[in-house]
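Enquirer: pasting the sequence and the predicted coordinates here, then a few questions.
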Amino acid sequence: MRGGWLALLLDRPGTGAQLLAKQFAHASPRGRNTLFYSTTEPTADLPEVFRGFGWDPAGIHFTELDRVYFARMHRRELETAQARERGLSLAELAPVDHPIDTPTPGGLSQKLLSDLAQLDGPFRLVLDSSDFLFEVLDPLEGSTLVRQIRNRALELGGEALVLLNPEVVDRRHRSLLEGIADVVIRLEKPEQLATTNRRLLLEKLRNHPERCGVFTVEPSPGGFREVESVTPPPANR
C-alpha cells in the first residue's frame, strides 16, 4: 500500500504472530525511524532475539511499556505497604514542593503519543500486544490511541502494526479496531501436528478487497516465508 497505513494482526497464542511482528520491524527500510513497543518481552532480551534470526537490531528503538507502568505502580504499592506497617514520620508527613510521581494508565498513551509527536518523517511502528493497553486503559481510550497512531501514520507516511488477541477484547471494540485498521491479518495454526505451516489470512486491504486471500507460510531460521501452494491434480474419473 502506498502512503501511511495501520495493520491489525489478530494474535492468538501459538500462531507465531509475535515472530511476524519482529520480522515486520526488521524489514523497515534502512534509515527509517523504527519503534518497537513490547509488553511481552524485556527490551534487554529483544536485540539478542533479533540476532538469533540474523536480523540487525541496530536502528530499532525498543520500549517496554508494561515495565514503565508497573515499575511505578509497584514502587507506589511498596511504599504504601511500608507506611501501613511502620507508620509515617513527621518528615514524611511534611508537604512536598515537587509533584508526586503517581502511576497513571494514561501515562502509557502519553508515552506513545509523545514519541509519535517527535517524528518528522516516515516511520515503522510495532505494538507487539495491545491487550495490555486494554487491561489498564478504558477500552474507548485504547481504541482512540490506535486511531491516533493511524492518523500519525497517514500524516507522515508511516507503517504501523498492532497486535490484538481477539479473545481479550469484546466484540464491539474488536469491530471498532478492525474498522480503524487499513489492513487486517490473521494467522492460523493448522490442527495437523506433522506440519509447522501457518495459514495467513489477509482479511482486509482498504480499497482493494480483490487482493485479500489465504496464503501458506512457514517459520524458518530467517523468519516466516511464503510456501508455494501446489494444487493437486484432479482425480481420474
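Expert: In hand now; what should we look at? Numbering: from 1, shown residues only.

Enquirer: so what's the nearest residue to residue 205 once chain neighbours are set aside scoring on pLDDT?
Expert: Once flanking residues are discounted, residue 205 sits nearest to residue 211: 5.1 Å by C-beta to C-beta, 6 or more residues apart in numbering. Backbone N, C-alpha and C define where each C-beta goes, glycine included. On the pLDDT scale, residue 211 is placed at 95.

Enquirer: wait, residue 211 touches residue 203, no?
Expert: No. Counting by C-beta atoms under 8 Å, residue 211 stays clear of residue 203, with 11.3 Å between them.

Enquirer: and those two? Which one has more around it.
Expert: With neighbours defined as other C-beta atoms under 10 Å, residue 211 and residue 203 compare such that residue 203 has more, 16 against 9.

Enquirer: look up phi and psi at the spatially most central residue of the chain.
Expert: Geometric centre of the chain, nearest residue: residue 127, 2.0 Å, by C-alpha atoms, centre = their mean. Taking degrees, to the nearest 10, you get phi -110, psi 100 for the backbone angles of residue 127.

Enquirer: please name the residues that touch it.
Expert: 37, 39, 133, 149, 160, 161, 162, 163 (C-beta atoms under 8 Å, 6 or more residues apart in numbering).

Enquirer: kindly report the same for residue 170.
Expert: With contact taken as C-beta under 8 Å, 6+ apart, residue 170 is in contact with residue 139.

Enquirer: which SS class is residue 9?
Expert: Secondary structure, DSSP: H, G, I helix; E, B strand; the rest coil: residue 9 is strand.

Enquirer: count of neighbours near it?
Expert: Neighbour count of residue 9, defined by other C-beta under 10 Å: 25.

Enquirer: before we move on, back to that, ok, the residue nearest to the centre of the chain to residue 202 distance?
Expert: Distance, residue 127 to residue 202, using C-beta to C-beta, to the nearest Å: 20 Å.

Enquirer: in strands, which of the contacts of residue 127 appear?
Expert: 37, 160, 161, 162, 163 (DSSP state E).

Enquirer: please convert the buried members of these into ChimeraX selection syntax.
Expert: Provided next is the ChimeraX selection string for whichever of the ones in strands among the contacts of residue 127 are buried by 16 or more other C-beta atoms under 10 Å:
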select :37,160,161,162,163
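
Enquirer: now, among the ones in strands among the contacts of residue 127, which is nearest to residue 17?
Expert: Of all these, residue 163 has the smallest distance to residue 17: 5.8 Å, by C-beta to C-beta.

Enquirer: what residues does the residue nearest to the closest one when sequence neighbours are not counted make contact with?
Expert: Once flanking residues are discounted, residue 163 sits nearest to residue 11: 4.2 Å by C-beta to C-beta, 6+ apart. The contact partners of residue 11, taken as C-beta under 8 Å, 6+ apart, are 17, 18, 129, 163, 164, 165, 187.

Enquirer: need the max-distance pair from the residues you listed.
Expert: Most distant of the contacts of residue 11, by C-beta to C-beta, are 129 and 187, 14.1 Å apart.

Enquirer: okay, helices next: where are they in the chain?
Expert: All helices of the chain, identified by DSSP state H, fall at 17-26, 46-52, 65-86, 90-93, 106-117, 131-136, 139-156, 171-180.

Enquirer: mind listing what's buried in stretch 170-187?
Expert: 173, 174, 176, 177, 180, 181, 182, 183, 184, 185, 186, 187.

Enquirer: residue contacts, the closest residue to the second one other than its chain neighbours?
Expert: The shortest distance from residue 174 to any residue that is not its chain neighbour, by C-beta to C-beta, 6+ apart, is 5.5 Å, and that residue is residue 166. Taking C-beta under 8 Å, 6+ apart, we find residue 166 in contact with 10, 12, 174.

Enquirer: I'm done for today, thanks for sticking with me.
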